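# Let's see this in three dimensions:
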Amino acid sequence: QVQLVESGGGLVQPGGSLRLSCLASGFTFSSSWMYWVRQAPRKGLEWVSAIYTGTGDTDYADSVKGRFTISRDNAKNTLYLHMNSLKTEDTAVYYCAKGAGWSTNPSDYPYWGQGTQVTVSS
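Sure thing, here's the model as predicted:
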């Protein structure tokens, strides 16, 4: 079955960097739509970024464009989110998700990881 396991979250100061990882199994990772979604305290789900692992095509929410980079290593079945210039408003639980196609609506994603906490604070 599909499994997605995130790691790499933690506490970081404003302006700092983190790299999140998502180890995938149970499906053909190298030709999949993969997403990062976050949920800040007391807020709804926010789509962050997308990648089609077959071509490497990517997209980003305006709130993270220029600061975050999504990437993948198909040989390792692993999705990454490189986060730079972190802000306090980036504090959230970050989820890795697999979609059936292209969508920026998290409600369309059938498979999710358990999430990893990112806290940006001085």
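# where do the helices sit along this protein?
Counting by DSSP state H, no segments of the chain form helices.
# How about Cys22, nearest residue that isn't a chain neighbour?
Residue nearest to Cys22 in three dimensions, not counting chain neighbours: Cys96, with 3.3 Å by Cβ to Cβ, 6 or more residues apart in numbering. For every residue, glycine as well, the C-beta is placed using N, CA and C.
# any idea how far that neighbour lies from Arg42?
Using Cβ to Cβ, to the nearest Å, Cys96 is found at 22 Å from Arg42.
# Those two - which one has more neighbours?
Cys96 (28 against 5; other Cβ atoms under 10 Å).
# which residue sits closest to Phe29, ignoring its sequence neighbours?
Leaving aside its chain neighbours, Phe29 sits nearest to Asn77 (4.4 Å; criterion: Cβ to Cβ, 6+ apart).
# Hmm, Leu4 and the residue nearest to Cys22 touching each other?
Yes. The criterion here is Cβ atoms under 8 Å, and Cys96 meets it with Leu4 at 4.8 Å.
# Now do the shared contacts for the two.
The contact sets of Cys96 and Leu4 overlap at 22, 24, 112-113 (Cβ atoms under 8 Å, 6 or more residues apart in numbering).
# so, if you compare these, which one comes nearest to Trp36?
Checking those against Trp36 with Cβ to Cβ, the nearest one is Cys22 at 8.0 Å.
# Next, name the residue at the spatial heart of the protein.
Note on the chain: the residue nearest the mean C-alpha position is Trp36, at 2.5 Å, using Cα atoms, centre = their mean.
# Read off the pLDDT value for the residue nearest to that residue when sequence neighbours are not counted.
Closest residue to Trp36 apart from its sequence neighbours, by Cβ to Cβ, 6+ apart: Val48 at 4.3 Å. Listed pLDDT for Val48 reads 98.
# Okay then, goodbye and thanks.
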